[in-house]
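Student: model this:
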Amino acid sequence: MKRVVAYIRPEKLPDVKKALFEAEVFKMSVTNALGCGQQKGYSTTYRGVASEVNLLKKIRIEIAVNDDFLDRTVDAIVKGAKEGRIGDGKIFVSPLEDVIRIRTGERGPAAIG
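Tutor: Okay, here's the model as predicted:
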């Protein structure tokens, strides 16, 4: 079992969701996030005062998958989010020690599926 965490541009969320659904990955958590990386941010002026914005809006997607779904999940996120520019995002994959479905008490891969 793996946990996939992806940070993507907010405007790419519909494309990523579509690619995940096509890959038969339907379960995910989506949250708003702020972050900075190679994009470094931008300068803006509000009411005559210049300010530096270095925390940019991102979307964080978390998905728990069984090992046989890992490659198709990662490929779908890349397919939906990639524009070939700095700031396209990052995907982190980490091992998932255990999963428990609260309703039924199922554990492990059965709780994900």
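Student: so where's this structure uncertain?
Tutor: Within the chain, the stretches falling below the threshold (pLDDT under 70) are 39-42.
Student: Which strands or helices does the longest helix seen in it pack on?
Tutor: For the chain, the longest helix by residue count, based on DSSP state H, is helix 70-81. Packing contacts for helix 70-81, counted by 3 or more Cβ pairs under 8 Å, 6 or more residues apart in numbering; DSSP states H and E, involve strand 2-8, helix 13-22, strand 56-65, strand 89-95. C-beta here means a position set from N, CA and C on the backbone, and glycine is covered the same way.
Student: Tell me what angle the first one forms with helix 13-22.
Tutor: Translated: strand 2-8. Here strand 2-8 runs at 150 degrees with respect to helix 13-22, directions being taken by axes from the mean of the first three to the mean of the last three Cα atoms, to 10 degrees.
Student: Could you report the distance from residue 13 to residue 58?
Tutor: Remark: distance between residue 13 and residue 58 (Cβ to Cβ, to the nearest Å) = 10 Å.
Student: Neighbour count for these two, which is higher?
Tutor: residue 58 (23 against 15; other Cβ atoms under 10 Å).
Student: Dig out what that one forms beta bridges with.
Tutor: Beta bridges link residue 58 to residue 33 when assigned by DSSP bridges.
Student: right, and it touches residue 5 too?
Tutor: No: if you go by Cβ atoms under 8 Å, residue 58 and residue 5 don't touch, sitting 11.5 Å apart.
Student: Just the endpoints, please. Distance across stretch 14-33?
Tutor: According to Cα to Cα, to the nearest Å, stretch 14-33 extends 16 Å from its N-terminal end residue to its C-terminal end residue.
Student: Off-centre distance for the longest helix of the chain?
Tutor: 10 Å (Cα atoms, centre = their mean, to the nearest Å).
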